[in-house]
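From the sequence below, what's the structure:
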Amino acid sequence: METQNKTLIQFSDVTLGYGSHAVLSDISFELFENDFVGLVGPNGSGKTTLLRAILGHLKPQKGRIERRNNDTEIRFGYVPQREHLENIFPFTAFEVVLMGTYNRVGLFKRPGKSEHDLAKQCLEHVGILDLKDKLFNNLSGGQKQRTLIARALATQPNILVLDEPTNGMDLISQKSILDLITQLHTKDKLTILMVSHLLTEVSNYVRKIILVEADHFQVGSLEDILTTANLSKMYDMPVFVDRIKGNNVVIVGEKNG
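I've put the predicted structure just below:
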């Protein structure tokens, strides 16, 4: 008999905001062990606010957020938006990944052999060990993203959070990064939360969607969220969901043919 995955994070009637201003209200949902979730919404919809609350950086104005993993601490491996870091990392790929071990080493201590070995293992795991001595700023967009994912893996997380991981990439690099993220979920059994504004892209990889729009909030499986009726009602305009060569395609507006 199949067992239910354990709840890692639970939101119960949560309202989030800043000062007296509420951004998202009356939110209830759970993130489970081994989830593969897409957090989708346009800029200004509140997805960054929700992400900050999930990471523990923002306390709720109302309601309760619980984090639990039996006796194991929940550890987030966070992959920030790449463009925010491109000009502040005058380091090699190896040095960037080694930063992921700092919490394990402790304040004012230098990483030792085990941390250096871990950084190399993480670089190898994402397929760029041969680039370890290259400057981060000289890498391609896809290589930079793999470096940042390796840095997050060096924290030895049980939840990997990626913020817009394919921004600014060509189609081949996008697919390569999304295939890597999928592999980390399926083979390494990592719980994944992927933030994006691209519903079509996310829907071809994740298993669950958190959809954040102005005055709307939904959480559900792909089958529940990704329907023509649901999306048309939510966006208050015609939205069609098609399958083309095995991939989901979301079309906004009148559909021809």
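
Regarding this protein, what is its longest helix?
Using DSSP state H to define each element, the chain has its longest helix at helix 171-186.

partners of residue 79 in the sheet?
residue 162 (DSSP bridges).

per-residue confidence at it?
Listed pLDDT for residue 79 reads 95.

For it, which residues are in contact?
Residue 79 sits next to 145, 148, 149, 151, 152, 160, 161, 162, 163, 165 when contact means CB atoms under 8 Å, 6 or more residues apart in numbering. The C-beta positions use only the backbone N, C-alpha and C, and glycine is treated the same way.

Which helix or strand lies directly C-terminal to the host helix or strand of residue 229?
Here residue 229, judged by DSSP states H and E, is contained in helix 228-235. The C-terminal neighbour of helix 228-235 among helices and strands, as given by DSSP H and E, is strand 239-244.

partners of that following strand in the sheet?
For strand 239-244, pairing defined by DSSP bridges yields strand 247-252 (antiparallel).

Now the partner strand: buried residues?
Neighbour counts over strand 247-252 (16 or more other CB atoms under 10 Å) mark 248, 250 as buried.

How about residue 182: what's its closest non-neighbour residue?
Nearest non-adjacent residue to residue 182, counting by CB to CB, 6 or more residues apart in numbering: residue 205, 5.6 Å away.

Was I right to think the one you found contacts residue 36?
Yes - the pair residue 205 / residue 36 is scored as a contact, 7.3 Å apart, by CB atoms under 8 Å.

intersection of neighbour lists for these two?
Shared contacts of residue 205 and residue 36 (CB under 8 Å, 6+ apart): 182, 194.

For the longest helix of the chain, which residues meet the burial criterion?
Neighbour counts over helix 171-186 (16+ other CB under 10 Å) mark 173, 174, 175, 176, 177, 178, 180, 181, 182, 184, 185 as buried.

ok, the helix or strand containing residue 65: who's next to it in the sheet?
In the assignment (DSSP H and E), residue 65 maps to strand 62-67. For strand 62-67, the paired strands and their directions (DSSP bridges) are strand 7-18 (antiparallel).

model confidence over the partner strand, on average?
Per-residue scores along strand 7-18 average to 94.

ok, now stretch 98-115?
Mean predicted confidence for stretch 98-115 is 84.

Alpha carbons only: can I get that stretch in PDB?
Output in PDB follows, covering the C-alpha atoms of stretch 98-115 (Å, rounded to 0.1, in the frame of the first residue of the first chain):
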ATOM      1  CA  LEU A  98      32.400  26.200  -1.600                       C
ATOM      2  CA  MET A  99      30.300  29.100  -0.200                       C
ATOM      3  CA  GLY A 100      27.500  26.600   0.200                       C
ATOM      4  CA  THR A 101      29.500  24.800   2.900                       C
ATOM      5  CA  TYR A 102      30.000  27.800   5.100                       C
ATOM      6  CA  ASN A 103      27.000  27.100   7.400                       C
ATOM      7  CA  ARG A 104      28.300  23.600   8.000                       C
ATOM      8  CA  VAL A 105      31.800  25.000   8.900                       C
ATOM      9  CA  GLY A 106      30.700  27.700  11.300                       C
ATOM     10  CA  LEU A 107      31.400  31.400  11.700                       C
ATOM     11  CA  PHE A 108      35.000  32.500  11.200                       C
ATOM     12  CA  LYS A 109      36.300  29.000  10.300                       C
ATOM     13  CA  ARG A 110      37.800  28.000   7.000                       C
ATOM     14  CA  PRO A 111      36.500  25.100   4.900                       C
ATOM     15  CA  GLY A 112      38.600  22.000   5.300                       C
ATOM     16  CA  LYS A 113      39.300  19.000   3.100                       C
ATOM     17  CA  SER A 114      35.900  17.500   3.500                       C
ATOM     18  CA  GLU A 115      34.200  20.800   2.400                       C
END
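
No further questions, thank you.
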